[in-house]
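Chemist: sequence first, then the predicted structure, then my questions.
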Amino acid sequence: MRTGVFLFGGVEFSDAGPGPPAPTDRRFGAKETWRATERIIDMGVVCDRLGFDSYWLTEHHFQYEGYEVIPNGILVGTILAERTENIRIGMAFNIVPQWHPLRLAEDFATMHNISGGRGILGVGRGTVPREAETLGTRIGSFDNPDKAAADELNRKQFDEAMQVIRLALDNESFSFHGEVYDFPPPGIPDRGGFVTELSLVPRPLYPYEIWQAITSPPTLEQVPRWGWGGVFWNNHHSFVKMRWERFAEIYAASHGRELERGEHRLLVMNVRVDDTYEAAEASFRDGHDEFWKFLGPYGWSKGYMGPDGRPAKPGLIPTLEESIDQRTCAVGTGEQVAEFINSYDEQIGLENLLLFPAMPGDPYEKVEEQLHRIGEEVLPLLPGS
């Protein structure tokens, strides 16, 4: 089992919880947000020393509230590559429609090569209208009434951008002419002729993996057809199993071979380890409630099961008890958390696991303690350790 760590990279604050302040009422300045950036780099170094397989950053913009303050995981990942030795470095996720696809390809290839082939290309379509519409795309969400049109545009951008990125990374030269992107544009003069193809510089010197967040039925159908990995997070345990198996069916039909156990699928699990179950639950509660106060309105809980057995209605803000019941988080002693993870492994086959051990507001001293507890109390009890 390859086990990694994923952190949002937020600012420390002491008033996390379900009540006031509202997410947008907090405002942090340059010093607080930069300190968080430095500390998340420190946590990556700790994960490398503890022997985790991978460390994943994320991309978000304009979040003065302090939840996620790293706008470019590839850039920070390049710093990490110079400070670490073995850990693989991923992004959960690069929001592809918010990038120029060729700049994303160049930046990833640079980080991947500097790290000696430790880069993981994580891609997603986005969730936050504030970011998307400022940076050149749109996105459907619970608080965006123009969901259908926004989603259609976003998917078209994403699909074409990923075709461009793959062509650029994998070929000595390439061209692409679609509805959204046209590379190279016609009629560019160059040294007495015209440009008809482009060559990405640099290109990857090492094989690389692509992983995409799967949060909707169309994405579940598309990712296995493209042949890269699918990431599942905040899903009711029965939905995980159903979607895990559906992914494998589509992959086999598209590529003519059955997936190996757990292959091309990654489960993200929220986790908190303490001396007792009760202490872990108490330590986790305020951060859990802050997490959902922030992200519930963006539709992040649509993988939960509603009372009718169907996916929950958009905008659900679950309690900790509901999250535990849905089995989206592992809480307890190291032994209890390992037992919980092993139960998932028995049900679906976990070859790729990504742990999310820090909730909004958590001090980085607490985060580092969690990393040590997971590395020393949980990982030795998992398969392959």
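Modeler: Perfect, thanks for sending it.
Chemist: contacts for the longest helix belonging to the chain, please.
Modeler: Ranked by number of residues, the top helix in the chain under DSSP state H is helix 147-170. Applying Cβ atoms under 8 Å, 6 or more residues apart in numbering, the external contacts of helix 147-170 come out as 96-97, 99, 101-102, 104-105, 108-109, 123, 125-126, 129, 132, 137-141, 144, 174, 176, 178-181, 183, 198, 200, 203-204, 208, 218, 222, 226. Every residue, glycine included, has its C-beta placed from N, CA and C.
Chemist: pLDDT on that helix, on average?
Modeler: Across helix 147-170, pLDDT averages out at 93.
Chemist: buried ones in that helix, by neighbour count?
Modeler: 147, 150-151, 153-155, 157-169 (16 or more other Cβ atoms under 10 Å).
Chemist: just the buried ones out of the contacts of helix 147-170, please.
Modeler: 96-97, 99, 101-102, 104-105, 108-109, 123, 125-126, 129, 132, 137-141, 144, 174, 176, 180-181, 183, 198, 200, 203-204, 208, 222, 226.
Chemist: list the contacts for residue 37?
Modeler: Applying Cβ under 8 Å, 6+ apart to residue 37 gives the contacts 9, 69-70, 76.
Chemist: for the helix or strand harbouring residue 246, packing partners?
Modeler: Following DSSP states H and E, one finds residue 246 within helix 237-255. Counting contacts by 3 or more Cβ pairs under 8 Å, 6 or more residues apart in numbering; DSSP states H and E, helix 237-255 is packed against helix 217-226, strand 229-233, strand 265-273, helix 334-348.
Chemist: switch to 10 Å and redo it
Modeler: For helix 237-255, the packing partners by 3 or more Cβ pairs under 10 Å, 6 or more residues apart in numbering; DSSP states H and E come out as helix 217-226, strand 229-233, strand 265-273, helix 320-326, helix 334-348.
Chemist: could you tell me the average pLDDT over it, please?
Modeler: pLDDT averaged over helix 237-255 gives 97.
Chemist: now stretch 16-32
Modeler: Stretch 16-32 comes out with an average pLDDT of 95.
Chemist: hey, C-alpha coordinates of that stretch in PDB?
Modeler: C-alpha atoms of stretch 16-32 as PDB (Å, rounded to 0.1, in the frame of the first residue of the first chain):
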ATOM      1  CA  ALA A  16     -12.600  26.900  14.400                       C
ATOM      2  CA  GLY A  17     -16.000  25.400  14.800                       C
ATOM      3  CA  PRO A  18     -19.600  25.300  13.500                       C
ATOM      4  CA  GLY A  19     -20.600  28.800  14.700                       C
ATOM      5  CA  PRO A  20     -19.300  32.300  14.200                       C
ATOM      6  CA  PRO A  21     -17.200  33.600  12.600                       C
ATOM      7  CA  ALA A  22     -18.500  33.000   9.100                       C
ATOM      8  CA  PRO A  23     -15.800  31.900   6.800                       C
ATOM      9  CA  THR A  24     -15.600  35.200   4.900                       C
ATOM     10  CA  ASP A  25     -15.400  37.200   8.100                       C
ATOM     11  CA  ARG A  26     -11.800  36.100   8.800                       C
ATOM     12  CA  ARG A  27      -9.000  38.000   7.100                       C
ATOM     13  CA  PHE A  28      -5.300  37.200   7.300                       C
ATOM     14  CA  GLY A  29      -2.400  39.200   6.100                       C
ATOM     15  CA  ALA A  30       0.800  38.600   4.200                       C
ATOM     16  CA  LYS A  31       2.800  37.500   7.200                       C
ATOM     17  CA  GLU A  32       0.300  34.900   8.400                       C
END
